[in-house]
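Chemist: no FASTA, just this:
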Ligand code: AP5
Ligand code: MG
């Protein structure tokens, strides 16, 4: 099964992706997590990506596409994967489509987690992220067992650099301009499914499972 998570920044793509990947035993591939891990490790890619991420802009397609195609070519992705944060532009979607078509394959579902902009800024300021394993928490909705510590791997939780309110507004603008057109792109391919992301996370998850098991 090959799934794409679509949705605005903060819509809950990562939260749902973690749960779906756990339930269906497929790798959760997040380009944002890959970039953040590279920034944390001080790699050249990380330094380049950070310039864009800190402003709420997209990392150029040339950098992003190669990383993603290399990642999904790894052994653990051979029976399927869940993409979180990729594709984010029509050219990225076209490259992915072409790479899959060459393997006689295609995306099975594009799940659009729909949350209006008003809800987003509030969510982001409460978010805490683990830069080691990519787990996401929310101080009110999904607190970790021990404050500031990741339940899964024990590393520190941080407020992401790009979660400052002014950067979040930029990310939302970029989303509407560059990423939202993907909704129509996948609708035309007949694989788009939209869920109401304003519901509690367990309800959102149940509606995704219902789609995947139909
Ligand atoms: P990325 O890491 O992908 O960030 P994003 O898309 O902006 O999305 P977020 O991770 O901020 O939100 P999310 O939808 O995963 O929400 P979450 O589950 O955490 O990308 C970061 C940057 O990297 C980009 O800006 C760009 O620069 C670059 N980049 C990445 N991929 C790229 C690409 N393909 N091309 C170019 N550049 C790329 O949830 C948010 C909060 O809400 C959490 O605290 C969570 O606990 C809480 N929450 C979740 N669900 C619920 C719920 N149902 N009710 C209440 N709270 C909830
Ligand atoms: Mg995320």
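Modeler: Everything's here; your move. What you see is a predicted model, and the numbers here were worked out from it, not measured in a lab. Numbers count the residues shown, from 1 in each chain. Ligands and ions are numbered 1, 2, ... in the order given.
Chemist: residues in this protein within reach of ligand 1, list them.
Modeler: Within the chain, the positions lying close to ligand 1 (CB under 6 Å from any ligand atom) are 7, 9-15, 31-32, 35, 52-53, 56-59, 64, 85-86, 88, 92, 123, 126-127, 136-138, 141-142, 162, 171, 197, 200-201, 204. No exception for glycine: its C-beta is placed from N, CA and C like everyone else's.
Chemist: report the buried members of those residues.
Modeler: If you count burial by 16 or more other CB atoms under 10 Å, the buried members of the residues of the chain next to ligand 1 come out as 7, 9-15, 31-32, 35, 52-53, 56-59, 64, 85-86, 88, 92, 123, 126-127, 136-138, 162, 171, 197, 204.
Chemist: which residue lies nearest the spatial centre of the protein?
Modeler: In the chain, the centroid-proximal residue (CA atoms, centre = their mean) is residue 84; its distance is 2.9 Å.
Chemist: that one contacts residue 30, correct?
Modeler: Yes - Residue 84 is within contact range of residue 30, at 4.2 Å (criterion: CB atoms under 8 Å).
Chemist: can you work out which residues contact both of those two?
Modeler: Counting by CB atoms under 8 Å, 6 or more residues apart in numbering, the contacts common to residue 84 and residue 30 are 14, 17.
Chemist: restricted to strands, list the buried ones among the residues of the chain next to ligand 1.
Modeler: Among those, DSSP state E puts 127, 136-138 in strands.
Chemist: could you point out which of those is nearest to residue 188?
Modeler: Using CB to CB, residue 136 is the member of those that lies nearest residue 188, at 30.8 Å.
Chemist: leaving out the residues flanking it, which one is nearest to the closest one?
Modeler: Leaving out its chain neighbours, the residue that sits closest to residue 136 by CB to CB, 6 or more residues apart in numbering is residue 14, at 4.9 Å.
Chemist: which residues sit in contact with the one you found?
Modeler: 30, 32-33, 84-85, 134, 136.
Chemist: for residue 27, same thing?
Modeler: Residue 27 neighbours (CB under 8 Å, 6+ apart): 21, 76-77, 81-82.
Chemist: narrow these to just the buried residues.
Modeler: Neighbour-count burial (16+ other CB under 10 Å) applied to the contacts of residue 27 gives 21, 77, 81-82.
Chemist: residues making contact with the helix-or-strand element of the chain with minimal mean pLDDT?
Modeler: Every helix and strand in the chain was compared by mean pLDDT, DSSP states H and E; the lowest is helix 117-126, with a mean of 89. With CB under 8 Å, 6+ apart as the contact definition, helix 117-126 has outside contacts at 8-11, 115, 138-141, 159, 163, 165, 168-169, 172, 198.
Chemist: likewise stretch 141-158?
Modeler: So stretch 141-158 is contacted by 15, 126, 128-133, 135-137, 200-201 (CB under 8 Å, 6+ apart).
Chemist: repeat the analysis, applying 10 Å as the threshold.
Modeler: Here stretch 141-158 makes contact (CB atoms under 10 Å, 6 or more residues apart in numbering) with 12, 15, 18, 36, 40, 123, 126-139, 200-201.
Chemist: just stretch 64-80 next, same as before
Modeler: 1-3, 21, 24-27, 29-31, 34-35, 38, 45, 49, 52, 58-59, 81, 83, 85-89, 91-92, 94-96, 99-100, 103, 105, 108.
Chemist: now, those that are in helices?
Modeler: 21, 24, 31, 34-35, 38, 45, 49, 52, 91-92, 94-96, 99-100 (DSSP state H).
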